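K.L.:
here you go, sequence then predicted model.
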Number of protein chains: 2
Amino acid sequence: MATTIKEIAKLAKVSIATVSRALNDDKKVKSSTKKLIKSIANELNYNPNLLARSFVTKKSNIIGLVMPDIFGEFFMEIIRGVDEICYNHGYYTMVTSSHSNRSMVEAIVDYMSKGIVGGLILMTPLVEDDVKKTLASSKIPLVVISGKSELQKWDSISIDNFNGAYSVVDYLAEKGYKKIAHISGPQKNNDSIQRELGYRQALKNNGIEINKSWIVTGDFTINGGQAACETLMKLENPPEVIFASNDMMAIGCYVAARHLKLKIPVDFAVAGFDDIFVSQFLNPRLTSVHVPIYELGTNAAQILINRMNGNNDPIQNVKILTELIVGGSC
Amino acid sequence: MATTIKEIAKLAKVSIATVSRALNDDKKVKSSTKKLIKSIANELNYNPNLLARSFVTKKSNIIGLVMPDIFGEFFMEIIRGVDEICYNHGYYTMVTSSHSNRSMVEAIVDYMSKGIVGGLILMTPLVEDDVKKTLASSKIPLVVISGKSELQKWDSISIDNFNGAYSVVDYLAEKGYKKIAHISGPQKNNDSIQRELGYRQALKNNGIEINKSWIVTGDFTINGGQAACETLMKLENPPEVIFASNDMMAIGCYVAARHLKLKIPVDFAVAGFDDIFVSQFLNPRLTSVHVPIYELGTNAAQILINRMNGNNDPIQNVKILTELIVGGSC
DNA sequence: TATTTGAATGTAAACGTTTTCATTGCGTGG
DNA sequence: CCACGCAATGAAAACGTTTACATTCAAATA
């Protein structure tokens, strides 16, 4: 079995308390004994039993990352970002999703109540009331990655959806497009809501009136985007360009174009949001709004670790800025 | 603080031992007391402290998943598969990568020695000697997801790279192509090696002689694929079709085609391996070998959990079968 | 010299759970 | 009616670590 401080204590002829202190760099230990203990620990290849330590200190350096799903590069990048920071600080990353058959709340509660994780990162485009209630009772620090800053409740990171959408629609208007349609995401999804607001504001500021038949609700999937696009292009008065609330639906527009034998960007133009990996290989390249997802993860993890180390600064609500990527699709 | 078995014991007027037994469904507890204890536990919203439990039992229901990198849909799908099975069995998934600045070995040792994880899934295309040595000393069960079955050492899951590559090259030969080139992956990468072997065997079986100048080493990246493709197409005697060892490099061929103003599949054809998400949206759709990556993850997790539960069957070396996906790229 | 200080170390409790080894009490067979 | 066995429960140790409190010893102060 693995070596324990007991064995080190025996060899160093000191008590386990001294060993513990020495290994934790307590100032009260004479530097000579400290050196001795450390060298013995090294020799024996000692590794502290983190379970025992967490158990007694009631602190865990495991960070729980709860997501609605584990799929696609968005979540992947989040995990990567979180893991990177965790690794740099000696923390561990535990991931899970709500697994369709359980609610987000159950997933969170599971993580919070077992005593395993010492901090929580919750990634969800929509913080529902029951989730809020659960979070409010949390004894461990947590950070929310969300579509919208949950001001004054928890630390949060969110994408600047509004300005991202604004920038792309504004670009379209400046380019001379007048008939600008929008395929939104799910109704209650905060990312989607904010992006639609940005769309509307950009139209307004450019003196373009909103045509309700040009705003169609999608579901963030390729199929949804395709259906929405076909609906739009079959209108008596079809739009010149479609701003899809995410790239997946924009890809759906490409598929629809092939079906309808229409050519992008000559017959109609397309723009998306997220700038996912695929988008640069679409033909023509998709104009989109780049989101530094990785930074969402690193920021969340950094803030959380600070909190876990006792940081008591006021609640932070970080907004991650986006960048317009211009392709040949419009 | 959270409720403990002590409080339950007090309320039920029994000892903590009985509570522990009752909650663990020990047969020796009278069913009436068991019922009482469980109802009280329920009432108090009791959750066992997993740290304490793992600490005393020396078993952890946390599975460590170590990967060379956390990037792209391949790893994402693995994580998803592992998480799904873990969730279904009440296990937890902890992920990490080797983070470029530490070796795979360090990452593994870190996970093994801290007592946190009770089982390990190691995902790597190449099990090097130092890793082997480390794994050999492991006290906890582990499963390897690799490019090649490490027979008789550890349970392993691997992709049937050889037959996957064989099937696509055989398809090309049957279609009438004679000049079939290959862009391989990194030299020591097992996935790459097996795929090249499949390529060679398929040529042989179809009576096609191997032309060494048509085999170029790539690095699994888009840029590498592009460079390799340009090298090939600038030969005096360029090939008719290129089989790239993965889809990323196949995408590089598309990029090269654009540069060279060549048209796929008329000027030259392309096939890949992996059937990544992007591939279906390339124009024309990429012919590739589909790999059920998700199942790699679920299989690995399932085998590992069985081992953690005391399964002592002989070592398993599972090979995951592939499927040829025919697109318009050849 | 007697007392105080403080640095260095030791003692032992505590964390929540499982588990081994008693202990109790009751029914059954002789 | 005694002994035995068995079902049900309890008492207490154990896991590895941290930490509050106690102790020691020597140097510094009065």
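P.N.:
Thanks, I have it.
K.L.:
residues contacting the closest residue to DNA strand C within the stretch 101-250 of chain A?
P.N.:
With Cβ to the nearest atom of the strand, the shortest gap between the stretch 101-250 of chain A and DNA strand C falls at residue A:115, namely 7.6 Å. C-beta coordinates here come from the backbone N, C-alpha and C atoms, glycine included. Contact analysis of residue A:115 by Cβ atoms under 8 Å, 6 or more residues apart in numbering or on different chains lists A:54, A:60, B:2, B:47, B:49-52.
K.L.:
out of the residues you listed, who's the most crowded?
P.N.:
residue A:60 (25 neighbours; other Cβ atoms under 10 Å in any protein chain shown).
K.L.:
does the helix or strand encompassing residue A:105 come close to DNA strand C?
P.N.:
Following DSSP states H and E, the helix or strand that holds residue A:105 is helix A:104-113. No: against DNA strand C, helix A:104-113 shows no contacts by Cβ under 7 Å from any atom of the strand, the least distance being 10.3 Å.
K.L.:
repeat that for stretch A:14-24.
P.N.:
Yes: judged by Cβ under 7 Å from any atom of the strand, stretch A:14-24 comes into contact with DNA strand C at A:14-18, A:21.
K.L.:
generate a ChimeraX selection restricted to the buried subset of these.
P.N.:
Per 16 or more other Cβ atoms under 10 Å in any protein chain shown, the buried members of the residues of stretch A:14-24 next to DNA strand C correspond to this ChimeraX selection:
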select /A:14,18,21
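K.L.:
and which of the residues of stretch A:14-24 next to DNA strand C is nearest to residue A:268?
P.N.:
Nearest to residue A:268 out of the residues of stretch A:14-24 next to DNA strand C is residue A:21 (Cβ to Cβ; 71.1 Å).
K.L.:
got phi/psi on the closest one?
P.N.:
Residue A:21 adopts backbone torsions of phi -60, psi -40, taken as degrees, to the nearest 10.
K.L.:
got the contact list for the nearest residue to it once chain neighbours are set aside?
P.N.:
Excluding the flanking residues, the one nearest residue A:21 by Cβ to Cβ, 6 or more residues apart in numbering or on different chains is residue A:29, at 5.0 Å. By Cβ under 8 Å, 6+ apart, the residues touching residue A:29 are A:18, A:21-22, A:37.
K.L.:
residue ranges with poor pLDDT in the stretch 1-150 of chain A?
P.N.:
Where the stretch 1-150 of chain A drops to pLDDT under 70, the residues are A:1, A:149-150.
K.L.:
need the strands for chain A, in chain order.
P.N.:
Using DSSP state E, the strands of chain A run over A:62-67, A:92-97, A:119-124, A:142-146, A:155-159, A:180-184, A:215-217, A:241-244, A:269-271, A:288-290, A:317-320, A:323-325.
K.L.:
which among those is found nearest to residue B:104?
P.N.:
Checking the strands of chain A against residue B:104 by Cβ to Cβ gives strand A:92-97 as the closest, at 16.9 Å.
K.L.:
can you list the strands that that closest one pairs with?
P.N.:
strand A:62-67 (parallel), strand B:92-97 (antiparallel) (DSSP bridges).
K.L.:
can I get the last one in PDB? Just the C-alpha atoms.
P.N.:
Going back to what we said before, that points to strand B:92-97. This file holds the C-alpha atoms of strand B:92-97, laid out as PDB (Å, rounded to 0.1, in the frame of the first residue of the first chain):
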ATOM      1  CA  TYR B  92     -18.100  10.000 -11.600                       C
ATOM      2  CA  THR B  93     -15.900  11.100 -14.400                       C
ATOM      3  CA  MET B  94     -12.700  13.000 -13.900                       C
ATOM      4  CA  VAL B  95     -10.900  14.200 -17.000                       C
ATOM      5  CA  THR B  96      -7.500  15.600 -17.700                       C
ATOM      6  CA  SER B  97      -4.900  15.800 -20.400                       C
END
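K.L.:
distance between it and the chain's centre?
P.N.:
13 Å (Cα atoms, centre = their mean, to the nearest Å).
K.L.:
show me what from chain A comes close to DNA strand D.
P.N.:
A:1-2, A:4-6, A:16-17, A:20-21, A:23-24, A:46, A:48-49, A:52-53, A:55-57.
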